[in-house]
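Student: Pasting a predicted model and its sequence here:
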Amino acid sequence: MIVAEQKPIDEIKEMAAPYRKLLVLGCGTCVQTCFAGGEEEVATLVSTLRLAAKVDGRDIEVEGLTVERQCEDEFIQEAAESIARNEAVLSLACGAGVQAIARRFYHTPILPGVNTTFIGVLEKQGLFTEECLGCGNCELATFNGICPIARCAKKLLNGPCGGSRDGKCEINPETDCAWQLIYDRSKALGKLDNLKAYRPARSWQASSAGGPRRLVREDHII
Amino acid sequence: MLKLTLFHCINAIDEMSDPTVNNAEVRTVKLPCSSMVKDLVLLRAFEAGSDAVIVLTCPEGQCRHTDGNIRARKRVERVKKALDSIGLDGRRLLFFNVAPGGSGITEILHQALSELKELGPSPITTAHHVPAR
Amino acid sequence: MNPEPVSRLEQILKQGEFAVTAECGPPRGANADVIREKGELLKGFVDAVNVTDNQTAIVRMSSIAACVHLEQMGLEPVMQMVTRDRNRIALQSDILGAYSLGIRNILCLSGDHQTFGSQPEAMNVFDIDSMNLLHMVRTMGSEGTDMSGFELDEAPHMFIGAVANPFADPFEYRVIRLAKKIEAGAEFIQTQCVYNTERFKEWLRMAREQGLTEQVHILAGITPLKSANATRYMATKVAGMDIPDDIIKRIAGVPKSQAAAEGIKLCLETIQELRELEGIHGIHIMAIESEDKVGEIVEEAGLLPRPVVEV
């Protein structure tokens, strides 16, 4: 999923300050799964903003609505009426969703209510970890299921570096050294010899370094 | 008269009427488990005009649903922070473990009220209305 | 390996001499005198001087510039190059520039992560890793082409070095990685500073068993300990450092004013021990901000005079 974290309330308040009628728009997919912007978070934020307005003695009407996904027109359109009757939208979707709303509702100010961070998994209760950088050229087979692009702080292809200690990365004692993981898994799979091969420099052309990407599926265009 | 909303789990306290303690109006809300104090529920109590909200749970390790009281504590901690950020003062949200059976409720209420003394009524009930810009 | 040594350091090692290199950190400013002063302290005591590349991700005068200042005063620099701050285009460009300015030794590293440095907000690069960098420098020198296969008007033949850390994990994999570095192009190795001689000997034994000590010149790292606090800091806070407890106790066990002297004593003992190991072809003294101690160490270790060679 795409992992995001709700922005601090102070920041949200400041962004929303110019508006008297605000729609808090949630998304029922990724941000719901990471407790940042789903239905429950929308209701909580609406209540918080209303309370905040009362404390500050300000006039603001806050409405809340959650759609299945904010990255698809089919679901975005369900919010059309609510968006039309509000001055601005505080979207709790990831950056893609926020921009999709902005595109389709061109004349309504859209505010981002979460900080979108990474593509990741729920490692265990309460812990989300980054797993994929969307490099565009997946080599997880080469590295036996652990990605050094996303999970090695130095993106080493021929790791580990000299800072790997007790299976942890030099930059954070809580972060696993991806290369220790690759080493362990390669050993477990009997594929340690794989790691002896020199990995040449990667092409980053398929990654975001090559510019904003587009995927065209001709087979889906009627 | 201060308005208090008191959430409690049915296992912590069997029966509870609406006690009036020291010029405070206490409204009780019975829940199957204290973990049901979702953020929204607590915030709505403040929206409805409560000057303070109290959450009573069973002691840790004694929750009938294993960790409901821990979830309740985490929710309360989160909402306290939210209340602080918006200027409503997180101290208006209180959390207590009670021995099963409910003995000591009156003492808890007294303690809560003395903590709330300096806070006074909620600013939203006394706020001066400012027209929107 | 180059058919003819391209640097004095290479020549010295090729002759079978026990080499001595030291390290020099460029200043945090534009004042070349700082590097020249350090150079003066090292002149005559070492065969070559490593110049670090924004070490610990702290902004300093560039390695290439500092190398040129040293070169101009008659010292032979080893230009360190990290892949943290520059992409392949900039790295290749700097190698060409460095060679054109007379630099002939290069040490290829990934580099400390920028979160350790003075500007952790910076974007890092890591377009390629140190292994790719070794390969790149080797190809540019021996084949005369850049990474796109373009034929360079002049090939930059460098004496190529890499680092090895026998004290990092996973231990069993370190020698495999050393072999990879040699295959990628490493001709000399400078190791992380040695305090845990037992572990170092074990690593060296494994390297010897694989025939690696005959394929590459290994220079063991040496850093004199200065104080009990500094020792404890290094032991716990510096990545990739292994300082056994008995060493910490030794430094902490003498009066504060004698700690530095004890550190030098330990240094000399370690050098003696390392000199006797088969496969160790030299030492690399990293006396950060204590370049004045290098001469003393080299002299007391009986490593003077340094050989004079021409290339």
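Tutor: Nice, thanks for sending it over.

Student: pLDDT wise, what is B:Cys9 at?
Tutor: Looking at B:Cys9, its pLDDT reads 86.

Student: Which residues are in contact with it?
Tutor: Contacts for B:Cys9 were tallied using CB atoms under 8 Å, 6 or more residues apart in numbering or on different chains; they are B:Lys30, B:Leu31, B:Pro32, B:Cys33, B:Ser34, B:Met36, B:Leu56, B:Thr57, B:Cys58, B:Gly68, B:Asn69, B:Ala72. C-beta: built from backbone N, CA, C; applies to glycine.

Student: Give me the distance between it and A:Leu92.
Tutor: Per CB to CB, to the nearest Å, B:Cys9 is found 30 Å from A:Leu92.

Student: Check A:Leu111 too.
Tutor: For A:Leu111, the distance to A:Leu92 - CB to CB - is 10 Å.

Student: same deal with C:Phe171?
Tutor: 47 Å.

Student: quick one: contacts of stretch A:157-176?
Tutor: A:148, A:151-154, A:177-183, A:198-202, C:110, C:112-113, C:115-116, C:129-132, C:163-165, C:168-170, C:173, C:177, C:180, C:184, C:192, C:239-240.

Student: Backbone dihedrals for residue 62, please?
Tutor: Because you didn't say which chain, this covers chain A. phi -120, psi 130 (degrees, to the nearest 10).

Student: The chain in question should be chain C.
Tutor: Per degrees, to the nearest 10, the backbone of C:Ser62 is at phi -60, psi 150.

Student: With adjacent residues omitted, what lies nearest to it?
Tutor: Nearest residue to C:Ser62 in three dimensions, chain neighbours excluded: C:Pro26, at 7.2 Å (CB to CB, 6 or more residues apart in numbering or on different chains).

Student: quick check: longest strand of chain A.
Tutor: For chain A, the longest strand by residue count, based on DSSP state E, is strand A:114-124.

Student: So what are the sheet partners of that one and their directions?
Tutor: strand A:2-6 (antiparallel), strand A:127-132 (antiparallel) (DSSP bridges).

Student: Next, format those as a markdown table and append mean neighbour count and distance to A:Glu87.
Tutor: Putting the strands paired with strand A:114-124 into a markdown table (neighbours: other CB atoms under 10 Å in any protein chain shown; distance: least, CB to CB, whole Å) gives the following:
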| stretch | mean neighbour count | distance to A:Glu87 |
| --- | --- | --- |
| strand A:2-6 | 21 | 21 |
| strand A:127-132 | 15 | 33 |
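
Student: got a markdown table for these, with mean pLDDT and distance to C:Met73 too?
Tutor: Converted to a markdown table, the strands paired with strand A:114-124 look like this (pLDDT from 0 to 100; distance: least, CB to CB, whole Å):
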| stretch | mean pLDDT | distance to C:Met73 |
| --- | --- | --- |
| strand A:2-6 | 97 | 54 |
| strand A:127-132 | 97 | 48 |
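
Student: wait, which of those is closest to A:Phe105?
Tutor: Distance to A:Phe105, taken as CB to CB, is lowest for strand A:2-6 among the strands paired with strand A:114-124, at 20.6 Å.

Student: ok and the residue in the stretch 101-250 of chain C nearest chain B?
Tutor: Residue nearest to chain B within the stretch 101-250 of chain C: C:Glu121 (25.3 Å; CB to the nearest CB).

Student: per-residue confidence at that residue?
Tutor: Taking C:Glu121 on its own, its pLDDT is 97.

Student: Assumed it was part of a helix.
Tutor: No - using DSSP: H, G, I helix; E, B strand; the rest coil, the assignment for C:Glu121 is coil, not a helix.

Student: Can you give me the neighbour number for it?
Tutor: 7 (other CB atoms under 10 Å in any protein chain shown).

Student: mind giving me the domain split of chain A?
Tutor: A:2-118, A:133-200 (automatic domain parsing).

Student: Deepest in the core, which of these is it.
Tutor: Comparing these by mean neighbour count (mean count of other CB atoms under 10 Å in any protein chain shown), domain A:2-118 ranks first with a mean of 20.

Student: Quick one: end-to-end length of that one, please.
Tutor: 6 Å (CA to CA, to the nearest Å).

Student: any chance you could map the helices in chain C?
Tutor: Along chain C, counting by DSSP state H, helices occupy C:8-14, C:32-42, C:63-72, C:88-100, C:130-142, C:171-184, C:197-209, C:228-237, C:245-252, C:259-275, C:292-300.

Student: List the buried residues for the last one?
Tutor: Buried residues in helix C:292-300, defined by neighbour count with 16 or more other CB atoms under 10 Å in any protein chain shown: C:Lys293, C:Val294, C:Gly295, C:Glu296, C:Ile297, C:Val298.

Student: shouldn't the third one be in contact with C:Ala22?
Tutor: No - in this structure, C:Gly295 sits apart from C:Ala22 without contact. The criterion is CB atoms under 8 Å, and the distance is 9.4 Å.

Student: tell me, what's touching the two both at once?
Tutor: Common contacts of C:Gly295 and C:Ala22, defined by CB under 8 Å, 6+ apart, comprise C:Leu42, C:Phe45.

Student: List just the nearest of the buried residues of helix C:292-300 to A:Leu215.
Tutor: For the buried residues of helix C:292-300, the nearest to A:Leu215 is C:Val294 (57.8 Å; CB to CB).

Student: what's near enough to touch the spatially closest residue to that closest one that is not a sequence neighbour?
Tutor: Leaving aside its sequence neighbours, C:Val294 sits nearest to C:Ala22 (CB to CB, 6+ apart; 4.9 Å). Applying CB under 8 Å, 6+ apart to C:Ala22 gives the contacts C:Leu42, C:Phe45, C:Val46, C:Val49, C:Asn50, C:His284, C:Ile285, C:Met286, C:Ala287, C:Glu291, C:Val294.

Student: List just the nearest of these to chain B.
Tutor: C:Met286 (47.0 Å).

Student: Need phi/psi at the closest one.
Tutor: According to degrees, to the nearest 10, C:Met286 has phi -110, psi 90.

Student: For the residue lying farthest from the centre of chain A, give me its contacts.
Tutor: Farthest-out residue of chain A from its mean C-alpha position, per CA atoms, centre = their mean: A:Asp193, at 35.4 Å. For A:Asp193, the contact set (CB under 8 Å, 6+ apart) is empty.

Student: Is it correct that it falls within a helix?
Tutor: Yes - the assignment for A:Asp193 (three-state DSSP) places it in a helix.

Student: returning to what we had before: the strands paired with strand A:114-124: which one's closest to A:His107?
Tutor: strand A:2-6 (25.8 Å).

Student: List the contacts of the helix or strand that the closest one is followed by.
Tutor: For strand A:2-6, the following helix or strand on the C-terminal side (DSSP states H and E) is helix A:9-16. Outside helix A:9-16, the residues that touch it by CB under 8 Å, 6+ apart are A:6, A:22, A:45, A:48-49, A:52, A:60, A:88, A:90, A:111, A:113, B:82, B:85-86.

Student: does the longest helix anywhere in chain A come close to chain B?
Tutor: When chain A is parsed with DSSP H, its longest helix is helix A:39-56. Yes - using CB under 8 Å from any CB of the partner chain, helix A:39-56 reaches chain B at A:Glu40, A:Ala43, A:Thr44, A:Ser47, A:Thr48, A:Arg50, A:Leu51, A:Ala52, A:Lys54, A:Val55, A:Asp56.

Student: so where's chain B shaky on pLDDT?
Tutor: Flagging of chain B using pLDDT under 70 yields the residue ranges B:14-20, B:22, B:101-103, B:126-133.

Student: How are the helices of it distributed by residue range?
Tutor: If DSSP H is used as the criterion, the helices of chain B fall at B:39-47, B:68-86, B:105-116, B:123-126.

Student: hmm, who's touching the third one?
Tutor: For helix B:105-116, the surrounding residues in contact (CB under 8 Å, 6+ apart) are B:2, B:4, B:6, B:13, B:16, B:19, B:21-22, B:24, B:26, B:51-52, B:54, B:56, B:91-92, B:94, B:96, B:98.

Student: Alright, that wraps it up for me.
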